[in-house]
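[1] only the shape, not the letters, is given here:
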């Protein structure tokens, strides 16, 4: 194992504390109170519901523990503070109205139909715990508002139920996984480690584009010193990465992650949803759902943009070779600035350039269908079978890079890479019996087969600039499970 105290690899008995360089301890408390009032108006033809919920989200984060001289972490020093690290309190009102046609008007509709209309609006509070931006500054809790309106129709004497729903959801300060805030500080950790390793391997700075520096350790120190001044570093902020000089004069980087680092965005999602349930017979039921959603983002990654602009400016001012020098001396000679651009800046540019228009990285269309039949005639009475299929449209997973007129690498948003559309299906069969053993005991046995329809290939989540897979995930697993239920 690598001993950070001796700054060398050793073959000796070890403890977990000697290889774990940091530890954290957090606690979250959520308190909620709610009140609601339902009222019936106009002889029960208008129903209103008014509600109010109050949420208090309190979080505690322990300071970094003390590292003992032997390299172990002193767990006794990992203590939660008595005062909260962050507290978010929000009031979330809601209001809804449902209108039902009077009997005299309803009798004029064909096929013994019933028509209802509804409207509701509510503010949303999402307790997310403690979050920090790329500067290690506290981020407030996400908040939003949802408005829905629609109609519900029951017709053909109850055989067909239809619901058409229009919705709009707005959110502020929501975490955006498309913009990785952690990549900013991690890119510095990576280049610093590469520079320290280059010195350990006795490489020459002049051979790898750093001729202005006497040693690679000087390059590492310059990168670390170029971090934005706004970045909150220190034990008081639970974030204290540092370059530690050992007894032999060599440096070791002690990394630390920013607690729940996130980049935020505001967005507005609008869509339409159709639900239909058809009772073909008293024992055969089909349900269908289709939805269209378009999401428009704004204020994307503003903190991360400020971080990368200041960091690149600092590097350029200290010495341009910090950007043009080799990304990994001894292994890769390409400029480190290109790596930083590709891993941090270009994804941010994509998010910024697509802001204000429907986000192509999010699925627009999806639908699902569920089918079930219950047998009534002997000897199959009590047996039922069914299945479900679901589909969602393909989405953008990446973009090729092009060089613009200024010589800067950027994403070509006009020629995106698409993932695959997803189609999957399930099946089930079961048996149900009432009055088991002559008693008021209901028993059911059901076998489910989930995802028996669908590809087994790995799913590409993101694509690199050349179209090759950047990240993949395992497809939903095929699962068979048997459930036995007793009701009495």
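    Noted; the coordinates are in hand. Bear in mind the structure is a predicted one, so any value in this text is a computation, not a measurement.
[2] okay, now residue 261: neighbour count?
    23 (other CB atoms under 10 Å). C-betas here are computed from N, CA, C, even on glycine.
[3] ok, it touching residue 135?
    No. Look at residue 261 against residue 135 with CB atoms under 8 Å: they stay out of range, at 9.7 Å.
[4] so residue 337 sits in a helix?
    Yes. Counting by DSSP: H, G, I helix; E, B strand; the rest coil, residue 337 is part of a helix.
[5] contacting residues around the closest residue to it other than its chain neighbours?
    Once flanking residues are discounted, residue 337 sits nearest to residue 323: 3.4 Å by CB to CB, 6 or more residues apart in numbering. Contact partners of residue 323, counting by CB atoms under 8 Å, 6 or more residues apart in numbering, are 312, 315, 316, 335, 336, 337, 340.
[6] at 10 Å what do you get?
    Residue 323 is in contact with 209, 312, 315, 316, 335, 336, 337, 338, 340, 341, counting by CB atoms under 10 Å, 6 or more residues apart in numbering.
[7] surely it is in a strand?
    No. Remark: residue 323 does not belong to a strand; assigned using three-state DSSP, it is helix.
[8] report pLDDT for it.
    On pLDDT, residue 323 comes in at 96.
[9] mind checking how far it is from residue 195?
    14 Å (CB to CB, to the nearest Å).
[10] common neighbours of the two, please.
    Contacts common to residue 323 and residue 195, judged by CB under 10 Å, 6+ apart, are residue 336.
[11] what separation do you get for the residue nearest to residue 337 and residue 106?
    73 Å.
[12] for residue 384, same thing?
    In terms of CB to CB, residue 384 sits 33 Å off from residue 106.
[13] more neighbours: which of the two?
    residue 384 (17 against 13).
[14] next, count neighbours for the nearest residue to that one once chain neighbours are set aside.
    Excluding its sequence neighbours, the residue lying closest to residue 384 (CB to CB, 6+ apart) is residue 374, at 4.3 Å. For residue 374, the neighbour count with other CB under 10 Å is 18.
[15] try residue 85
    For residue 85, using other CB under 10 Å, the count is 19.
[16] so it sits right up against residue 25, yeah?
    No. With contact defined as CB atoms under 10 Å, residue 85 does not count as touching residue 25 (11.2 Å).
[17] buried ones in the longest helix anywhere in the chain, by neighbour count?
    Looking across the chain with DSSP state H, the single longest helix is helix 182-200. Residues of helix 182-200 classed as buried by neighbour count (16 or more other CB atoms under 10 Å): 183-192, 194-199.
[18] coming back round to it: common neighbours of residue 261 and residue 135, please.
    Common neighbours of residue 261 and residue 135 (CB under 10 Å, 6+ apart) are 181, 184, 185, 239, 304.
[19] rebuild the residues you listed as JSON lines, extending it with pLDDT.
    Output for the shared contacts of residue 261 and residue 135, formatted as JSON lines (pLDDT from 0 to 100):
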{"residue": "181", "pLDDT": "89"}
{"residue": "184", "pLDDT": "92"}
{"residue": "185", "pLDDT": "94"}
{"residue": "239", "pLDDT": "89"}
{"residue": "304", "pLDDT": "95"}
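[20] from the residues you listed, which two are the most distant?
    239 and 304 (16.2 Å; CB to CB).
[21] of these two, who's got more company?
    residue 304 (28 against 20).
[22] now the helices for this structure?
    Counting by DSSP H, the helices of the chain are 103-106, 182-200, 216-225, 302-318, 321-324, 336-340, 346-354.
[23] would you turn those into a markdown table with distance to residue 37?
    Shown next, in a markdown table, are those (distance: least, CB to CB, whole Å):
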| stretch | distance to residue 37 |
| --- | --- |
| helix 103-106 | 26 |
| helix 182-200 | 45 |
| helix 216-225 | 59 |
| helix 302-318 | 40 |
| helix 321-324 | 62 |
| helix 336-340 | 56 |
| helix 346-354 | 42 |
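[24] residue 253 is nearest to which of those?
    Among the helices of the chain, helix 182-200 sits nearest to residue 253 (CB to CB), with 5.1 Å.
[25] so which residue is dead centre in the chain?
    Centroid-nearest residue in the chain: residue 177, 5.3 Å away (criterion: CA atoms, centre = their mean).
[26] contacting residues for the residue nearest to residue 243 when sequence neighbours are not counted?
    Using CB to CB, 6+ apart and skipping the chain neighbours, the partner closest in space to residue 243 is residue 251 (4.8 Å). Listed by CB under 10 Å, 6+ apart, the contact set of residue 251 reads 7, 192, 195-196, 199, 217, 220-221, 224, 242-245.
[27] roughly how far does residue 251 sit from residue 221?
    Taking CB to CB, one finds residue 251 at 8 Å from residue 221.
[28] again, but for residue 182
    Distance from residue 182 to residue 221, by CB to CB: 23 Å.
[29] what's the answer for residue 100, then?
    73 Å.
[30] any residues in contact with both of residue 85 and residue 25?
    Going by CB under 10 Å, 6+ apart, residues that sit against residue 85 and also against residue 25 are 60, 61, 62, 63.
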